[in-house]
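Chemist: Sharing a model prediction with you, sequence too.
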Amino acid sequence: MKSLAMYTVKTSAYELFTYLCDLIISGKVENFKQIENHIATLPHDKRRTFAAQKAFAILKSHSWGFFKELDPVHYPRMWQMLVIPSKEYPGTGMLKRNMTITSLFCGLIDIHGYTSFCQKAGKNISLLKLLDEVIQHDISKIAQTNDVITQRARGDEIILIGSRAGSVLKTVLDIADYFQKKKVINPKSLSEARMGQRLVLPKLAISAGVTGGQKYTPLIITADGDVSGHLLNSAARLQTRANKQAPHTTNILLSSHVHMALKKEIEAGHKPEWSSDIFFWNAGQVSFKGTRVWVYEMVLSEEGQYKRKLKESIDELLLSLKKEQWEGKIFISLLSLISRTVRAQGPFNYTDPRSGLKFKYTDLIYKCEEAMLLFMSRKQFILAIEQLQEIAEIMDSIETFDGTVREYTREILPKYLMLGQHFRASLEEILEDKIEFILPVRVREIYKKTEKAYKTYKHIREDAFNNPELGNKQALWNKGISLHTQELELEIYSGKR
């Protein structure tokens, strides 16, 4: 059938369906409303209903993209939110585009060790195919049970979209649990090639960011069914931060709007389906593209229960940052948080990266207390900042040290190093102006002679470096390169974001 004019009482439902499929594939119809309008003049019988519903399935698969699996049976809440249903044909409808929805939530998951797993698997196609099937099919089934739509993005990235904060968080936890259990799998598609042998997947951790629940937050569904917009971008930012904080263990971050929505859902009767040991820790703010988002960490493990003891200290630091109290409160609050974190996570031993000597965790506490005393003396600002820098280096050398505390230290330390440089420069300038009033005559003469001698020393030394008696400098340069060949190996890594 090439046109509706050829439709007769003898035309089969399959012929009408084929005709509608041609319209869909050729791009002459883009949504189900256009299909309804196209066949509105035909007799309302079983043939028309059959053809329309089957054509809808093709249209959905062809142009709904991320939402092609959406249906009213498996995703009732998502269907109600995202689809304008057809009054005439049950189970069909038109996908909304360019929406602003306050109760939509988005999660983005990244699998730790995915690249390493693929590299180790090498040419073992069966093993690589197994992991691909796990991500492609098993994860989708896990999400479906929670009324959440999922799609594999790039490699090991997984996007989740759901209508409730609790359902998206439950899906993230289910996926984390799935990868934490050592699985022995024998998929049917591989059984013949593997002669019935079973394949083993290693334990894998994840990092995740979950956002949503904000008013006027756009979710853009493109013409081909892809998703974009602030909702997805902010989830990606939180996932990146979660990965940075804990690159080897599971870490889940969510926005304060998700946390608030979860509370409201619980009040409305949606009790969380996870252990009562799991709690949410205020992890401060993350800024991007001119916006600030308050972030909560979902603390999962027994090892993370120490964070409960840090609430008062982290709140104090966040308040001092909010008030921009750089004169001293931020410095003291940060050291207090570090000290309390050491006590909560201890006991442990560590190796000082500067000296190479081994110390107990109590020595790090003493360093924090010493730095606070130096700073509070209102005289030894430079020494206090240098002590904080040393503490930061020690924290970075302790792989298990709390990621959020390390992150705040990394962000705050450079600010104080800058302030310290300005403070020293100011002192030197004042010293030069008031040197006659500060130093006795004899000491002042020694100071001036020493300064002049040092400048002369530097000048003579630079001239000596250019003396031909030192030999072939190019050979000396090349020798240094040959002695440090391994250290000079460079691997340029292009990050995901």
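Modeler: Ah, there it is.
Chemist: Quick check: the gap between residue 318 and residue 210.
Modeler: From residue 318 over to residue 210 the distance is 21 Å, taken as Cβ to Cβ, to the nearest Å. C-beta: built from backbone N, CA, C; applies to glycine.
Chemist: Those two: who's more crowded?
Modeler: Between residue 318 and residue 210, residue 210 has the larger neighbour count (other Cβ atoms under 10 Å), namely 32 against 18.
Chemist: which intervals of the stretch 1-150 of the chain have sub-threshold pLDDT?
Modeler: Low-confidence segments of the stretch 1-150 of the chain, defined by pLDDT under 70: 98-102, 114-115, 117-128.
Chemist: On the three-state scheme, residue 265 is what?
Modeler: helix (DSSP: H, G, I helix; E, B strand; the rest coil).
Chemist: List the buried residues in the helix or strand hosting residue 170.
Modeler: Counting by DSSP states H and E, the element that carries residue 170 is helix 165-180. Residues 165-176, 178-179 are the ones in helix 165-180 that count as buried (16 or more other Cβ atoms under 10 Å).
Chemist: cool, and stretch 386-405?
Modeler: Using 16+ other Cβ under 10 Å as the test for burial, stretch 386-405 gives 387-392, 394-395, 398, 401-405.
Chemist: Now the terminal residues of that stretch, how far apart.
Modeler: One end of stretch 386-405 sits 18 Å from the other (Cα to Cα, to the nearest Å).
Chemist: any idea how far residue 480 is from residue 68?
Modeler: For residue 68 relative to residue 480 (Cβ to Cβ), the value is 60 Å.
Chemist: packing partners for the helix or strand containing residue 436?
Modeler: Assessed by DSSP H and E, residue 436 sits inside helix 403-438. Where contact means 3 or more Cβ pairs under 8 Å, 6 or more residues apart in numbering; DSSP states H and E, helix 403-438 is packed against helix 230-245, strand 279-288, helix 329-345, helix 381-397, helix 441-465.
Chemist: Export those to CSV and append columns for mean pLDDT.
Modeler: Output for these, formatted as CSV (pLDDT from 0 to 100):
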stretch, mean pLDDT
helix 230-245, 86
strand 279-288, 80
helix 329-345, 95
helix 381-397, 94
helix 441-465, 83
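Chemist: if we can go back for a sec, as a whole number, average confidence for the helix holding residue 436?
Modeler: Average pLDDT, helix 403-438: 85.
Chemist: Give me the residues contacting stretch 8-24.
Modeler: For stretch 8-24, the surrounding residues in contact (Cβ atoms under 8 Å, 6 or more residues apart in numbering) are 1-4, 7, 29, 35, 38-39, 42, 46-48, 50-52, 54-55, 58-59, 62-63.
Chemist: how about 10 Å then?
Modeler: 1-4, 6-7, 28-32, 34-35, 38-39, 42-43, 45-63 (Cβ atoms under 10 Å, 6 or more residues apart in numbering).
Chemist: where exactly do the strands run in the stretch 101-250 of the chain?
Modeler: Ranges of strands in the stretch 101-250 of the chain, per DSSP state E, counting those that start in this stretch, are 105-111, 148-152, 157-162, 183-185, 199-201, 206-212, 218-221, 227-228.
Chemist: These: lowest mean pLDDT?
Modeler: Looking at those, the lowest mean pLDDT belongs to strand 183-185 (a mean of 57).
Chemist: Centre of the chain to stretch 409-419, how far?
Modeler: 23 Å (Cα atoms, centre = their mean, to the nearest Å).
Chemist: and what of stretch 278-292?
Modeler: Computed by Cα atoms, centre = their mean, the chain-centroid distance of stretch 278-292 equals 11 Å.
Chemist: Show me what counts as buried in that stretch.
Modeler: For stretch 278-292, the buried set under the neighbour-count rule, 16+ other Cβ under 10 Å, comprises 279, 280, 281, 282, 283, 284, 286.
Chemist: Identify the residue nearest the geometric centre of the protein.
Modeler: residue 239 (1.5 Å; Cα atoms, centre = their mean).
Chemist: Report the contact partners of the nearest residue to that residue once chain neighbours are set aside.
Modeler: Closest residue to residue 239 apart from its sequence neighbours, by Cβ to Cβ, 6 or more residues apart in numbering: residue 209 at 3.6 Å. The contact partners of residue 209, taken as Cβ under 10 Å, 6+ apart, are 106-110, 172, 232, 234-243, 251-255, 258, 286, 293, 295.
Chemist: how about the helices in the stretch 1-150 of the chain?
Modeler: If DSSP state H, counting those that start in this stretch is used as the criterion, the helices of the stretch 1-150 of the chain fall at 13-26, 32-38, 46-63, 76-82, 114-121, 125-133, 139-144.
Chemist: I'd like those as TSV, with mean neighbour count and distance to residue 433 appended.
Modeler: As requested, the helices of the stretch 1-150 of the chain are exported to TSV (neighbours: other Cβ atoms under 10 Å; distance: least, Cβ to Cβ, whole Å):
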stretch	mean neighbour count	distance to residue 433
helix 13-26	16	82
helix 32-38	17	80
helix 46-63	18	75
helix 76-82	17	70
helix 114-121	13	59
helix 125-133	16	69
helix 139-144	18	69
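Chemist: Ok, which of the ones you listed comes nearest residue 345?
Modeler: helix 114-121 (26.9 Å; Cβ to Cβ).
Chemist: Could you pull up the contacting residues of residue 337?
Modeler: 310, 312-318, 368, 402, 404-405, 408-409.
Chemist: Deepest-packed of the strands of the stretch 101-250 of the chain, please.
Modeler: Counting by mean count of other Cβ atoms under 10 Å, strand 206-212 has the highest mean neighbour count of the strands of the stretch 101-250 of the chain, with a mean of 29.
Chemist: Now do that one against helix 230-245: the angle between them, please.
Modeler: Counting by axes from the mean of the first three to the mean of the last three Cα atoms, to 10 degrees, strand 206-212 lies at 150 degrees to helix 230-245.
Chemist: Distance from the chain centre to strand 206-212, please.
Modeler: Taking mean C-alpha positions (Cα atoms, centre = their mean), strand 206-212 and its chain are 7 Å apart.
Chemist: Residue 159 touches residue 233, doesn't it?
Modeler: No. Using Cβ atoms under 10 Å, residue 159 is not in contact with residue 233; the gap is 11.8 Å.
Chemist: Name the residues contacting each of the two.
Modeler: 106, 108.
Chemist: ok, back up a step: what about the contacts of residue 337, which one has the most neighbours?
Modeler: Taking other Cβ under 10 Å as the neighbour criterion, residue 402 ranks highest of the contacts of residue 337 with 26 neighbours.
Chemist: Around the nearest residue to that one once chain neighbours are set aside, count how many other residues there are.
Modeler: Spatially, and ignoring its direct neighbours in sequence, residue 402 is nearest to residue 341 (5.2 Å; Cβ to Cβ, 6+ apart). Per other Cβ under 10 Å, the neighbour tally for residue 341 reads 25.
Chemist: Relative to residue 298, how far out is residue 341?
Modeler: Residue 341 is 19 Å from residue 298, by Cβ to Cβ.
Chemist: re earlier: redo the contacts of residue 337 as JSON lines? Include distance to residue 82.
Modeler: Shown next, in JSON lines, are the contacts of residue 337 (distance: Cβ to Cβ, whole Å):
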{"residue": "310", "distance to residue 82": "40"}
{"residue": "312", "distance to residue 82": "43"}
{"residue": "313", "distance to residue 82": "43"}
{"residue": "314", "distance to residue 82": "38"}
{"residue": "315", "distance to residue 82": "38"}
{"residue": "316", "distance to residue 82": "43"}
{"residue": "317", "distance to residue 82": "41"}
{"residue": "318", "distance to residue 82": "36"}
{"residue": "368", "distance to residue 82": "52"}
{"residue": "402", "distance to residue 82": "39"}
{"residue": "404", "distance to residue 82": "35"}
{"residue": "405", "distance to residue 82": "40"}
{"residue": "408", "distance to residue 82": "39"}
{"residue": "409", "distance to residue 82": "43"}
